[in-house]
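**Q** Return a 3D structure for these sequence lines:
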Amino acid sequence: NNLFLISLFVSLLGVYVLVSNNPRFSGSYFSFGDLLALLAAFFYAGYLLSVSKLSNRFNTFNLIFYSSLFACIPFGIASLYELDNPIPYSAFGWLNFLGQAIFVQILGQGLVIYGLSKIRPQLSSLLLLFQPITATILGAYFFSEILLFGQLIGVIILLIGIYFAGLSERLREINEK
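**A** So this is what the prediction gives:
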């Protein structure tokens, strides 16, 4: 679908404008951090595609349980080497740990998995581009980061791209009927 390809291009342009207008952007167009971000994008795409396929066979609870279980094993082992004390030692530490487990992992990833089971992976990947928009807005609100005009333009371009993706999906559904 040509409209979806246009929405993909516009969305990527919006992300680029948003990120490149960050005052902390190094200006270097290739760095080790960029390589890691690209690698993370491929793993995230694999995650989206696998969850989309597996959601046809398994319910959301089982998907979140097993994806969390298999993710926590290597991270748990790594935390034993990285942290001085990986086990919380105060009530606040345990509340923080449990809050992140419940709200971030179970609810957050559970809702992502549930949502992915209801829409196509192509559209879900573009809808998940709301994350940099949300991070930009929350950074400005909670951390008093200054929202530059270029970042605002990037957010607007990204929203236009996401809108075109939704429009493309609606047109595809109409054509299928």
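**Q** buried residues in the longest helix along the chain?
**A** Residue-count comparison of every helix in the chain, with assignments taken from DSSP state H, identifies helix 149-176 as the longest. Residues 151, 154-155, 157-159, 161-162, 164-165, 168-169 are the ones in helix 149-176 that count as buried (16 or more other C-beta atoms under 10 Å). In short, each C-beta sits where N, CA and C put it, glycine included.
**Q** Including pLDDT and distance to residue 90, could these go into CSV?
**A** Below are the buried residues of helix 149-176 laid out as CSV (pLDDT from 0 to 100; distance: C-beta to C-beta, whole Å):
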residue, pLDDT, distance to residue 90
151, 84, 38
154, 87, 40
155, 87, 39
157, 91, 45
158, 86, 40
159, 88, 42
161, 88, 45
162, 85, 42
164, 87, 49
165, 83, 45
168, 85, 50
169, 81, 47
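**Q** ok, and the helix or strand in this protein with the lowest average confidence?
**A** With mean pLDDT, DSSP states H and E as the measure, the helix or strand of the chain carrying the lowest mean pLDDT is helix 121-127 (a mean of 72).
**Q** Just the mean pLDDT for the next helix or strand after that helix, thanks.
**A** As assigned by DSSP states H and E, the chain's next helix or strand after helix 121-127 is helix 130-142. When the per-residue pLDDT values of helix 130-142 are averaged, the result is 84.
**Q** Identify each buried residue in helix 130-142, please.
**A** Within helix 130-142, the residues that qualify as buried by neighbour count (16+ other C-beta under 10 Å) are 132-133, 136.
**Q** quick one: contacts of that helix?
**A** Residues outside helix 130-142 that contact it (C-beta atoms under 8 Å, 6 or more residues apart in numbering) are 15, 18-19, 145-147, 151, 155, 158-159, 162.
**Q** Just want the angle from that helix to helix 149-176.
**A** Counting by axes from the mean of the first three to the mean of the last three C-alpha atoms, to 10 degrees, helix 130-142 points 150 degrees away from the direction of helix 149-176.
**Q** gap between the two ends of stretch 80-94?
**A** With C-alpha to C-alpha, to the nearest Å as the measure, the ends of stretch 80-94 fall 17 Å from one another.
**Q** so where is this structure shaky, pLDDT-wise?
**A** Using pLDDT under 70 as the threshold, the predicted model of the chain has low-confidence ranges 22-31, 34, 83.
**Q** could you redo the last one with a cut-off of 90?
**A** Per-residue confidence for the chain (pLDDT under 90) gives these ranges: 1-90, 93-94, 96-141, 143-152, 154-155, 158-159, 161-177.
**Q** Check the secondary structure at residue 57 for me.
**A** coil (DSSP: H, G, I helix; E, B strand; the rest coil).
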